[in-house]
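> Dropping a prediction and its sequence here:
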Amino acid sequence: MSEISRRVTLAWFAAASTGPLVLEGCAAPAPMPPAPPPPTTPASLWKDLTPAPVTAPGYGYDPDLNKPVIPWPLTLEPQQREALRIAADLMLPADAHSPSGAALHLDAFLDEWVSAPYPLQQADRRLILSGLAWMDAESNQRFHVNFAQASDAQRREIFDLVAFRARVTPDYRRPAQFFVRLRALMLGGFYSQPEGIADIGYKGNNPVPGMYPGPTPEALAHLNAALTKLGLKPVKI
């Protein structure tokens with residue numbers, strides 16, 4: 001991983017693991033339903049892969065981020081990382097406020113995530129690897145190239161099959177599960193980074209030198225409005 005160090009991804013991994021976005025969607029994905037009889041539609045291209053389990057040790061419950069040791073190896077292939085970079089750009093394109101998901105190396109975060117030897121991450125590993133294979137299979141059937149070699153319009157056509165709940169047909173239920181989980185992980189990784197935190201305007205975690213000056217007038221007004229709504233006395237400073 002030359003573009004970003006594993007020391008960075010370890011801290012990132014720890015932050016994202018405790019974030020509500022990741023945890024909410026990450027509490028082990030819903031069990032996949034039993035495989036139906038082979039259909040004649042393109043959905044038959046989905047295959048539930050059974051990747052070899054990750055047997056490397058974990059870093060325990062309290063990693064030392066000042067002296068990081070990451071005992072598990074990364075496991076994604078270069079073409080899988082490339083597909084994830086492209087997916088990150090499609091899901092989180094750059095705008096006036098923040099860079100794209102690919103620019104923030106979300107593929108590195110996903111590689112760290114699915115390579116970790118914990119039950120939660122290993123449940124995601126099976127789904128994500130199956131989904132990446134499906135993306136290539138779908139693209140090859142429709143456009144005769146892998147997902148990474150397809151045009152942006154062709155990739156969007158594939159994602160449009162599974163990105164909108166109301167449009168997902170029964171045959172595409174499993175790919176849609178993959179898309180929802182991948183999107184949740186992308187968002188969790190994005191908003192665990194400084195750029196994502198700045199994008200939502202979060203002002204916490206900033207040290208204040210010297211004596212604490214107290215809340216701003218706007219913050220105090222917001223607090224008092226909430227207290228009044230609850231039938232409690234406003235705060236006076």
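Looks like it came in fine.

> pLDDT on stretch 64-80, on average?
For stretch 64-80, mean pLDDT is 86.

> typo on my end, it should be stretch 190-200
Per-residue pLDDT values across stretch 190-200 average out to 78.

> Straight-line length of it, end to end?
End-to-end span of stretch 190-200 (CA to CA, to the nearest Å): 11 Å.

> packing partners for the host helix or strand of Gln121?
Secondary structure assigned from DSSP states H and E places Gln121 in helix 119-143. In terms of contacts (3 or more CB pairs under 8 Å, 6 or more residues apart in numbering; DSSP states H and E), helix 119-143 is packed against helix 78-91, helix 106-115, helix 152-160, helix 173-190. C-beta coordinates here come from the backbone N, C-alpha and C atoms, glycine included.

> thought Arg156 was touching Leu90?
Yes - with contacts counted by CB atoms under 8 Å, Arg156 reaches Leu90, the gap being 6.7 Å.

> The two: which has the busier surroundings?
Using other CB atoms under 10 Å as the criterion, Arg156 and Leu90 rank with Leu90 on top: 18 against 12.

> For the more buried one, give its distance to Ser100.
Leu90 sits 9 Å away from Ser100, going by CB to CB, to the nearest Å.

> swap in Trp134?
Trp134 is 23 Å from Ser100, by CB to CB.

> Now for Gln177, how many residues are close by?
When neighbours are counted by other CB under 10 Å, Gln177 registers 21.

> Check Lys233 too.
Residues near Lys233, counting by other CB under 10 Å: 8.

> What strand or helix carries the residue nearest to it when sequence neighbours are not counted?
Of all residues not flanking Lys233 in the chain, Leu227 sits nearest, at 6.8 Å (CB to CB, 6 or more residues apart in numbering). Assigned by DSSP H and E, Leu227 belongs to helix 217-229.

> Sweet, I'm off.
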